[in-house]
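Participant: just coords:
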């Protein structure tokens, strides 16, 4: 979650006024070019490699710099103002402009995607090999795609891999390198890459979303479904010499869980194999992350709330699912209106009853 001052946090859902703004960068210039916006919205989805997308109607000519789909990036901010003070601006995304279309006199609809779009476009001309630290290989692949993108590793992982050859899709190579250490790679609100181990329900909630006096919750709709739910994860690799297999299993073991492995839900493992996994510790972390995501699809909440622009996909939150009853969830996706409006937030509740093998 993006850090905000206490007085701004306390004003959410009360008397604060809100606003949105767009600023453009043309051909690598600073984000100082003001863009006149009629309306706009940012959508965030942690289940997609392109995590953040922008859709806006701006006041401009189709030939204006802010409409250039080859050289322009746009940064969106959400402003919260308390008692007439200057807005506190929360950055909600940095976007590559991908589409611009006239919709009326002086009005242009633009669409943008976060900088992962640049990584997807930077395909390999010929096979590329990586070896050594996974995180170093990820950073190198990102920097060689676009030197403007900074990359920060928050995992502390020292896992290494034997020489691996990647063809065509740079983005898939990066995602596999991350997956083999149980990490996610994504673009943050400033357009820089982060390598992180996903949070789970064992982490402290970053926010409580309630409908009580002064709360931000407007309504909540709960659902349960099997979907792509699994109750075990099997991750396999091989040691650095390539002559001994490496294998780790994580499964739901709590007898009180509806997803108990071997219980009413039977045995439904999810498998992942990569030669870049060379140690049991590495395989175990990958299995833990894989299962934490695969078990959480069974119980979801979709809520309408005052926009909580500081949230990030993957944040653990407390939600008042019924009056006086709080439940911890992981944030999957949400929207941020850049004008008056509510946000719809989708979450999941993973089961955390896991066991090593």
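Facilitator: Done, it's in. The structure presented is a predicted model; accordingly, all values stated were derived computationally and were not measured.
Participant: how near is the nearest residue to residue 192 once chain neighbours are set aside to residue 156?
Facilitator: Once flanking residues are discounted, residue 192 sits nearest to residue 150: 4.2 Å by Cβ to Cβ, 6 or more residues apart in numbering. Any C-beta I mention is one placed from the backbone N, CA and C, and that applies to glycine too. According to Cβ to Cβ, to the nearest Å, residue 150 stands 18 Å off from residue 156.
Participant: same check on residue 229?
Facilitator: 30 Å.
Participant: longest single strand anywhere in this structure?
Facilitator: strand 88-104 (DSSP state E).
Participant: between residue 229 and residue 156, which has more neighbouring residues?
Facilitator: Between residue 229 and residue 156, counted using other Cβ atoms under 10 Å, residue 229 has the larger neighbour count: 19 against 8.
Participant: is it true that the more buried one touches residue 268?
Facilitator: Yes. Residue 229 lies in contact with residue 268 (Cβ atoms under 8 Å); the separation is 7.4 Å.
Participant: low-confidence ranges in the protein?
Facilitator: For the chain, the stretches with pLDDT under 70 are 13-16, 212-215, 296-299, 350-357.
Participant: how does it divide into domains?
Facilitator: Following automatic domain parsing, the chain resolves into domains at 6-113, 119-196, 231-294.
Participant: give me the distance between the two termini of the shortest one.
Facilitator: Taking Cα to Cα, to the nearest Å, the span from the opening residue of domain 231-294 to its closing residue is 8 Å.
Participant: then the first one?
Facilitator: Using Cα to Cα, the span of domain 6-113 from its first residue to its last is 31 Å.
Participant: how far off centre is stretch 89-108?
Facilitator: Mean C-alpha position of stretch 89-108 versus that of the full chain (Cα atoms, centre = their mean, to the nearest Å) differs by 21 Å.
Participant: next structured bit after the lengthiest helix in the chain?
Facilitator: Across the chain, the longest stretch assigned as helix under DSSP state H is helix 280-294. Counting by DSSP states H and E, the element after helix 280-294 in chain order, helix or strand, is strand 299-305.
Participant: for that next one, packing partners?
Facilitator: Applying 3 or more Cβ pairs under 8 Å, 6 or more residues apart in numbering; DSSP states H and E, one finds that strand 299-305 contacts strand 217-224, strand 316-322, strand 325-337, strand 343-348.
Participant: give me that answer again for 6 Å
Facilitator: Using 3 or more Cβ pairs under 6 Å, 6 or more residues apart in numbering; DSSP states H and E, the elements in contact with strand 299-305 are strand 217-224, strand 343-348.
Participant: name the residues that touch that strand?
Facilitator: 209, 216-224, 319, 329, 342-349 (Cβ atoms under 6 Å, 6 or more residues apart in numbering).
Participant: what comes up buried for that strand?
Facilitator: The neighbour-count check on strand 299-305 (16 or more other Cβ atoms under 10 Å) flags 299, 300, 301, 302, 303, 305 as buried.
Participant: so it versus strand 316-322, what angle?
Facilitator: Strand 299-305 and strand 316-322 meet at an angle of 80 degrees, taking axes from the mean of the first three to the mean of the last three Cα atoms, to 10 degrees as the criterion.
Participant: what's the angle from strand 299-305 to strand 343-348?
Facilitator: 160 degrees.
Participant: give me the angle between strand 299-305 and strand 325-337.
Facilitator: Going by the same axes, to 10 degrees, strand 299-305 makes 60 degrees with strand 325-337.
Participant: note down every partner strand of strand 299-305 and its orientation.
Facilitator: strand 217-224 (antiparallel), strand 343-348 (antiparallel) (DSSP bridges).
Participant: just say which of those is most tucked in.
Facilitator: strand 343-348 (a mean of 21; mean count of other Cβ atoms under 10 Å).
Participant: tabulate the buried residues of strand 299-305 (JSON lines), appending distance to residue 82.
Facilitator: Output for the buried residues of strand 299-305, formatted as JSON lines (distance: Cβ to Cβ, whole Å):
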{"residue": "299", "distance to residue 82": "36"}
{"residue": "300", "distance to residue 82": "33"}
{"residue": "301", "distance to residue 82": "29"}
{"residue": "302", "distance to residue 82": "29"}
{"residue": "303", "distance to residue 82": "24"}
{"residue": "305", "distance to residue 82": "19"}
